[in-house]
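1. Following is a predicted model, sequence given first.
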Amino acid sequence: MSFVEQVLRPLAPDAVVSVREDGLVPAALANARLGLRGTPLEVVETLRDKARMRALLEGKAPHLTIRASTPASLDEAVDTFLNWGGRKAILKPRASSGSRGVVLIESVADLLAHGDPSGQMLEEYLPGQEYSAESFSVGGVHRIVALVEKHTGPSFVELAHVVPAPSLGTSAVPVIQEQLIEFLDVVGLADGPAHTEFKLIDGGIRIIESHNRVGGDGIPHLVRLVTGIDLQRWSIGWSLGLGEPDHQERPAAAAAAIAFATAPEGVVQSVALPSLEFPDATVEDVRSFVRPGDRVAALTSSSARVGSGSVSGADASRVLVAAQTLAAGIDVISRPAGGRR
């Protein structure tokens, strides 16, 4: 806490805010130390520690959670997997984001190959489409701003998002919103943003994970295009005592999507961005995350993606296809590290 006392306290800040996952706990600690508004540390840690969140849900809202275990040994992990029927499961870190370390387990052999599971969680695998909800809360009143459909690739790395979620029927939305609000109440998030990932199972939601921040991957930009609501502005404004900022822009489009480009593992040799137009969608942005000389890692986390393209338009399904086409046109040529040029 020397940084807080020696640097922050003399500055007399009005708030300490983080919009990044790795800054949420430090921000909560600083706010508590300085007596400032902010999401309580207990809530931040409940959301960050997936095992802690699951235990809380199991006690207070079991219909929102799934079977999960924190095995202390490989033998315990194998026993749990077999007790669940020996079918698909997910092995992942207790506290992480960006799909880092998330592994699909399909057999005992898969578990054995990953070795000691200490510090990790074993969860039952849920089939079906995954979604995220962008919400904002003030004084315990929760507003579900947008429901986002996500598309993933290998290692569950997110490769596209679209707003609104085209695969969600209107009849499902009220139940989803009701149960999301119930979840936020259970975990104690009374103020600020939340990015909550879930699947729809048997007419209700099952929480995958949640974070007391806005979503990454350009999701706030998509939400702003479709709703006119600037989640990033709200995220900072509420901690300054502004509540919900009154300003809301006119929505720019009925739907918006972003898709991500990938490239083979290795050293980047060249990058070329596409110049595309679509009859039923507007290109918002296309960019590369890498340049010649950078290394492309194996696609085991979102940080291994090499570019993105975002579009807006009148139809969610069409803008998703357009964004995926745009991302596919990002040409990143890489060579194996140590290989010939």
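-> Now that the structure is in, tell me what you want to look at.

2. any idea how far E123 is from L24?
-> Using C-beta to C-beta, to the nearest Å, L24 is found at 22 Å from E123. Every C-beta, even on glycine, is put in place using the N, C-alpha and C of the backbone.

3. Output stretch 35-51 as CSV - backbone C-alpha positions only.
-> Listed in CSV are the C-alpha atoms of stretch 35-51, where the atom choice follows Å, rounded to 0.1, in the frame of the first residue of the first chain:
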residue,chain,number,x,y,z
GLY,A,35,-12.3,6.0,1.6
LEU,A,36,-13.5,6.5,-1.9
ARG,A,37,-16.5,5.2,-3.8
GLY,A,38,-16.0,2.0,-5.7
THR,A,39,-17.0,-1.6,-6.0
PRO,A,40,-16.2,-3.3,-2.7
LEU,A,41,-13.2,-5.6,-2.7
GLU,A,42,-15.4,-8.6,-1.6
VAL,A,43,-17.5,-8.2,-4.7
VAL,A,44,-14.5,-7.9,-7.0
GLU,A,45,-12.9,-11.0,-5.6
THR,A,46,-16.1,-12.9,-5.8
LEU,A,47,-16.3,-12.2,-9.5
ARG,A,48,-12.7,-12.7,-10.1
ASP,A,49,-12.4,-16.0,-8.3
LYS,A,50,-14.6,-18.4,-10.3
ALA,A,51,-14.7,-21.0,-7.5
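
4. who's in contact with stretch 222-230?
-> Applying C-beta atoms under 8 Å, 6 or more residues apart in numbering, the contact partners of stretch 222-230 are 134, 145-146, 148, 161-164, 220, 231, 245, 247-258, 284, 310, 312.

5. what's the longest helix in this protein?
-> helix 173-187 (DSSP state H).

6. List the buried residues in that one.
-> I176, Q177, Q179, L180, I181, F183, L184, V186, V187 (16 or more other C-beta atoms under 10 Å).

7. Can you give the contact residues for that helix?
-> Counting by C-beta under 8 Å, 6+ apart, 43, 46-47, 53, 56-57, 60-61, 63-64, 133, 135, 137, 140, 142, 144, 147, 168, 194, 196, 198, 200, 203-205, 207, 210 sit against helix 173-187.
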